[in-house]
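>>> Quick check, what structure comes out for this input:
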Amino acid sequence: MEENRYRKRAIEAVLEKNGKGFKAVLVTGARQTGKSTLLKHLYPDIKYVTFDDPVLLSETKKEPGLFFRNYKVPVVLDEVQYISELFPYIKLACDKSQKNGIFLLTGSQQYHLMKNVSESLAGRVAIMELTGFSLRELREDPFDLPFVPSEEYIEKREGSFRTCENLWEIIHRGGYPGLLGGADWQTFYASYVQTYLERDVNALSGVQDRMKFSEFLTVLAARTGQMLNYTAIANELDLSSATVKEWISVLEASGLICILQPFSNSALKRTIKTPKVYFRDTGLVCYLTKYPTAETAMNGAMAGELFETFVVSEVLKSFSNAGLDYRMYVNYYRGKDKLRRQKGGEKSAREAEIDLMITWGDVIYPIEIKMTANPKLGMTDAFDVIGKIPGKTRGNGIVLCMYDSPLWLNEKNLALPVEYI
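From the prediction side, this is the model:
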């Protein structure tokens, strides 16, 4: 059991900077990622108001104009997705004030929240996402750069790099802060799913059949790291594809999954345009797919998908914690743009996949994720497709794996331990 104490969050410096530069700051993210705790820690002297309080919520909905007579700015407003009636008044208060950082907001339902923000607070609010703990945060590693594996990044990362002896325990446990205080793993996730079904799902989409939605969660968890096939999921659950699409949008909006879009460029003519789905927390996947221990997860049929989901999640966290929208930088590639020569000199297209492509300016970094401690140069074969993209150059090709130190495979490609993220 670990002590129940506040752990420094990697996003703190960016959040405080935005608080000084914008009238309002909105911290979004899934339930139980520590949004309220973070704001209370950074701003202990500012009044904290939560709309989880049903009495306050009811009063504010009836008389939103009276709210700011009772609560003066600056103020922390928690779970503001419940109180869309208040957003016009927040806008007015922002426009009247000459000071920045007067509203510190949290919300765990981006689905409707973003609409309210875009209509009322455009240009007045900085939006940030707080995820579960990253591996860096769990190990109290101060390294704070997004994972852009240039040689400069690799050199800087070397200074605080440490191998992780209990990686599968971390993958199995997941990153929710509540688990660090000694909460029982099974009980925590059972309660988490139940709370999510009772509160967020109904608020987001009015799902009537919670049992079917719970079954849908499990079916989707078993597909983490795979291309998103709405029809296959619908057929398995006896649902319409439209319903599956709606429910997936609910999960994405509430921060439980991410939809990784395929890399698209006109020079790559044979790109598969289907997105991939990843759960944001591997502990939740283990719970839903019934892996009760780290050992069963490590040795189970889904070990490769769990490892890949963990690595992708860590990469995305490194961007979110730097205040960057990972959707602007991270994609994957799958297609038949790579040619192979057959006997007789005949050429044919071969399907190839690059697990992640990180675009940073004019440079693309191709990344392969392998649950192995024995990386091979052949794992980088698909990376050559990047040479076909005009106006872009290929950065270091990376094999993220379980080797214990950086290993150059040739002059352009190297294997990196996952702890380098």
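>>> got the buried residues for the biggest helix by length in the chain?
Criterion DSSP state H: the longest helix present in the chain is helix 303-320. Within helix 303-320, the residues that count as buried by 16 or more other CB atoms under 10 Å are 303, 305-320. Where C-beta positions appear, they are placed from N, C-alpha and C, glycine not excepted.
>>> do stretch 386-396 as well
386, 389, 392, 394, 395, 396.
>>> Stretch 71-79 now?
71, 73, 74, 75, 76, 77, 78, 79.
>>> now for the longest helix of the chain, which elements pack on it?
On a contact count with 3 or more CB pairs under 8 Å, 6 or more residues apart in numbering; DSSP states H and E, helix 303-320 meets helix 167-173, strand 257-260, strand 276-279, helix 282-288, strand 330-341, strand 347-360, strand 363-369.
>>> how about JSON lines for the buried residues of stretch 71-79, with secondary structure added?
Output for the buried residues of stretch 71-79, formatted as JSON lines (DSSP: H, G, I helix; E, B strand; the rest coil):
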{"residue": "71", "secondary structure": "coil"}
{"residue": "73", "secondary structure": "coil"}
{"residue": "74", "secondary structure": "coil"}
{"residue": "75", "secondary structure": "strand"}
{"residue": "76", "secondary structure": "strand"}
{"residue": "77", "secondary structure": "strand"}
{"residue": "78", "secondary structure": "strand"}
{"residue": "79", "secondary structure": "coil"}
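>>> hmm, back to that, can you flag the weakest of the helices and strands packed on helix 303-320 by average pLDDT?
Lowest mean pLDDT of the helices and strands packed on helix 303-320: strand 330-341, a mean of 76.
>>> ok so, going back, among the buried residues of stretch 386-396, which ones are in strands?
Those of those mapping onto strands are residue 394, per DSSP state E.
>>> Next, give me the two most distant ones among the buried residues of stretch 386-396.
389 and 396 (16.1 Å; CB to CB).
>>> before we move on, back to that, which one of the helices and strands packed on helix 303-320 lies nearest to residue 134?
Ranking the helices and strands packed on helix 303-320 by proximity to residue 134 (CB to CB) places helix 167-173 first, at 10.3 Å.
>>> What lies in contact with stretch 84-99?
Applying CB atoms under 8 Å, 6 or more residues apart in numbering, the external contacts of stretch 84-99 come out as 23-24, 60-61, 64-65, 67-68, 73-74, 77, 80, 102-103, 112, 116-117, 119-121, 124.
>>> domains of the chain?
Under the assignment automatic domain parsing, the domains of the chain span 12-129, 146-421.
>>> I'd like these written out as TSV, with distance to residue 139 added.
Formatted as TSV, those follow (distance: least, CB to CB, whole Å):
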stretch	distance to residue 139
domain 12-129	16
domain 146-421	7
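>>> Would you tell me which of the ones you listed gets closest to residue 136?
The closest of the domains of the chain to residue 136 is domain 146-421. By CB to CB, the value is 7.7 Å.
>>> what about that closest one, how long is it end to end?
In domain 146-421, first residue to last residue: 8 Å (CA to CA, to the nearest Å).
>>> ok, now stretch 71-84?
17 Å.
>>> swap in stretch 147-158?
13 Å.
>>> go on, stretch 398-406?
End-to-end for stretch 398-406, by CA to CA: 10 Å.
>>> same check, this time on stretch 21-36
With CA to CA as the measure, the ends of stretch 21-36 fall 21 Å from one another.
>>> and what of stretch 159-171?
One end of stretch 159-171 sits 24 Å from the other (CA to CA).
>>> Equivalent analysis for stretch 259-274, please.
Across stretch 259-274, first to last residue, CA to CA, it's 10 Å.
>>> And that stretch, what's buried?
Quick answer for stretch 259-274 (16+ other CB under 10 Å): 260, 262, 263, 265, 268, 271.
>>> ok, now stretch 325-332?
326, 329, 330, 331, 332.
>>> List the contacts of stretch 226-235.
Stretch 226-235 is contacted from outside by 216, 219-220, 223, 239-241, 243-245, 248, 259, 272, 274-277, 305, 334, using CB under 8 Å, 6+ apart.
>>> Can you flag the buried ones in the residues you listed?
The neighbour count (16+ other CB under 10 Å) marks 216, 219-220, 223, 239, 243-244, 248, 275-277, 305, 334 as buried among those.
>>> Can you add distance to residue 190 and give those back as CSV?
As requested, the buried ones among the contacts of stretch 226-235 are exported to CSV (distance: CB to CB, whole Å):
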residue, distance to residue 190
216, 17
219, 18
220, 18
223, 21
239, 24
243, 25
244, 24
248, 23
275, 30
276, 28
277, 23
305, 22
334, 36
